[in-house]
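Visitor: Requesting a structural model of the entry that follows:
(one chain, ligands or ions: 1)
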Amino acid sequence: MCYAICLKSDSRATVKFVNQLQHWVLILSNVTIIIILYNSIEAHDTLGRLGIPVANTYGTKKLPQAIIIGVKKGGTRALLEFLRVHPDVRALGAEPHFFDRFYDKGLEWYRNLMPRTLDGQITMEKTPSYFVTKETPSRLCAMNCDTKLIVVVRDPVTRAVSDYTQTLTKTPGLPSFRSLAFKNSSSGAVDASWSAVRIGLYAQHLENWLRHFPLSSFLFVSGERLVSDPAGEVGRVQDFLGLKRIVGDKHFYFNRTKGFPCLKKPEGSSRPRCLGKSKGRTHPPIPTEVLQKLRDFYRPFNLRFYQMSGQDFGWD
Ligand SMILES: Nc1ncnc2c1ncn2[C@@H]1O[C@H](COP(=O)(O)OS(=O)(=O)O)[C@@H](OP(=O)(O)O)[C@H]1O
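Guide: Numbers count the residues shown, from 1 in each chain. The predicted structure is shown next:
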């Protein structure tokens, strides 16, 4: 049996659709699917992975030279999408989770996931959980200790609420933020084993990374400034990556409905684009005294992180 599917664009929907084919091909192993794609490097690569012959192969797949390693809910998707506007950046759309979940699959598997790049282009990926996974620094250094590491950091209190909001969306009936954040209501001690709290202990995670990488390998991006001044933060990232400052003010506009900066004309599209509904969710109200206790808890860790990174992020 033979199916022909024609896809016309390099849109995210197309890429997502073709990625889904991985599952279908496993189920329909006796079915041949022919896909005609126009202008879709990522989808093209996925077909290659599936063993479906594809004629056009421009560039080569390289291991990433730069990775956005964290932090979860920091603004990592926004940063990656903004960087993708740059003609010399090619990035994997999905999070590969190679160093934390799929390390056993080996470096060739990882390299194969990457988009093809031409000389002078940078290969990138983002997996925010890398920053808090103990094994990741040594594994990443074993791949290449010169990899450039980008960490988008956000006020750990807001980050924790954002993290909680995401879990709440997936798990209605989740206990309250207060009951998860504190060990028990009488002691009021913060439960640092709850992942939403633990991830915000940036100084501790960075300490683990500094055993394997020098501080100069890192760029810390302010999640707050990525919203208030996206061109400024993306400018710093372009400098860090040794790229010409191409992505700038003219690429962004502030979308009042979304409440966030959006791209005027992203890659492969002629229309403006904001991030999806899962980015920029409304947070549930959290009692002020709960937030204050968390702020007090994080203060020494934040100060230590400012000292280690040499940057004051202004959280209080
Ligand atoms: N331009 C733009 N548009 C939408 N959202 C933006 C943008 N810039 C930063 N952010 C903030 O990104 C937060 C989600 O962070 P991540 O993309 O790192 O989340 S994830 O870890 O990949 O799930 C997301 O968190 P929430 O607001 O809590 O949903 C946003 O605050």
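Visitor: How about residues contacting the lengthiest helix in the chain?
Guide: The residue-count maximum for a helix in the chain (DSSP state H) belongs to helix 288-309. Applying C-beta atoms under 8 Å, 6 or more residues apart in numbering, the contact partners of helix 288-309 are 153, 156-157, 160-161, 177-178, 181-182, 188, 190, 197, 200-204, 206-207, 210, 215, 218, 220, 312-313, 315-316. C-beta here means a position set from N, CA and C on the backbone, and glycine is covered the same way.
Visitor: out of those residues, which touch the ligand?
Guide: By C-beta under 6 Å from any ligand atom, no member of the contacts of helix 288-309 lies near the ligand.
Visitor: Filter the residues you listed down to the buried ones.
Guide: Using 16 or more other C-beta atoms under 10 Å as the burial test, these include 153, 156-157, 160-161, 177, 181-182, 190, 197, 200-203, 206, 218, 220, 313, 315 as buried.
Visitor: circling back: just the ones of the contacts of helix 288-309 in helices?
Guide: 156-157, 160-161, 177-178, 181, 197, 202-204, 206-207, 210.
Visitor: In JSON lines, list these along with pLDDT and distance to R116.
Guide: Shown next, in JSON lines, are the ones in helices among the contacts of helix 288-309 (pLDDT from 0 to 100; distance: C-beta to C-beta, whole Å):
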{"residue": "P156", "pLDDT": "98", "distance to R116": "38"}
{"residue": "V157", "pLDDT": "98", "distance to R116": "41"}
{"residue": "A160", "pLDDT": "98", "distance to R116": "38"}
{"residue": "V161", "pLDDT": "98", "distance to R116": "39"}
{"residue": "F177", "pLDDT": "97", "distance to R116": "44"}
{"residue": "R178", "pLDDT": "96", "distance to R116": "49"}
{"residue": "A181", "pLDDT": "97", "distance to R116": "45"}
{"residue": "V197", "pLDDT": "98", "distance to R116": "40"}
{"residue": "Y202", "pLDDT": "98", "distance to R116": "34"}
{"residue": "A203", "pLDDT": "98", "distance to R116": "38"}
{"residue": "Q204", "pLDDT": "98", "distance to R116": "38"}
{"residue": "L206", "pLDDT": "98", "distance to R116": "33"}
{"residue": "E207", "pLDDT": "98", "distance to R116": "37"}
{"residue": "L210", "pLDDT": "98", "distance to R116": "33"}
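Visitor: quick one: which of the residues you listed is nearest to the ligand?
Guide: V161 (7.3 Å; C-beta to the nearest ligand atom).
Visitor: Determine the number of other residues adjacent to the residue nearest to that closest one when sequence neighbours are not counted.
Guide: Closest residue to V161 apart from its sequence neighbours, by C-beta to C-beta, 6 or more residues apart in numbering: H283 at 5.0 Å. When neighbours are defined as other C-beta atoms under 10 Å, H283 has 12 of them.
Visitor: Same question for the strand or helix carrying R111: list its buried residues.
Guide: R111 belongs to helix 107-113 when elements are defined using DSSP states H and E. Using 16+ other C-beta under 10 Å as the test for burial, helix 107-113 gives Y110, R111, L113.
Visitor: Export these to CSV and append columns for pLDDT.
Guide: Output for these, formatted as CSV (pLDDT from 0 to 100):
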residue, pLDDT
Y110, 98
R111, 98
L113, 98
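Visitor: and of the residues you listed, the nearest to R271?
Guide: The nearest member of these to R271, counting by C-beta to C-beta, is L113 at 28.1 Å.
Visitor: Could you verify my assumption that that closest one touches A91?
Guide: No - using C-beta atoms under 8 Å, L113 makes no contact with A91, being 11.2 Å away.
Visitor: Quick one: mean pLDDT for the strand or helix carrying E125?
Guide: Element membership of E125 [criterion: DSSP H and E] is strand 122-126. In this model, strand 122-126 has an average pLDDT of 98.
Visitor: which of the ones in helices among the contacts of helix 288-309 sit farthest apart?
Guide: Maximum distance among the ones in helices among the contacts of helix 288-309 (C-beta to C-beta): 33.8 Å, for R178 and L210.
Visitor: pretty sure V234 belongs to a strand, no?
Guide: No - assigned with DSSP: H, G, I helix; E, B strand; the rest coil, V234 falls outside any strand and is helix.
Visitor: And F98, how far from M143?
Guide: 9 Å (C-beta to C-beta, to the nearest Å).
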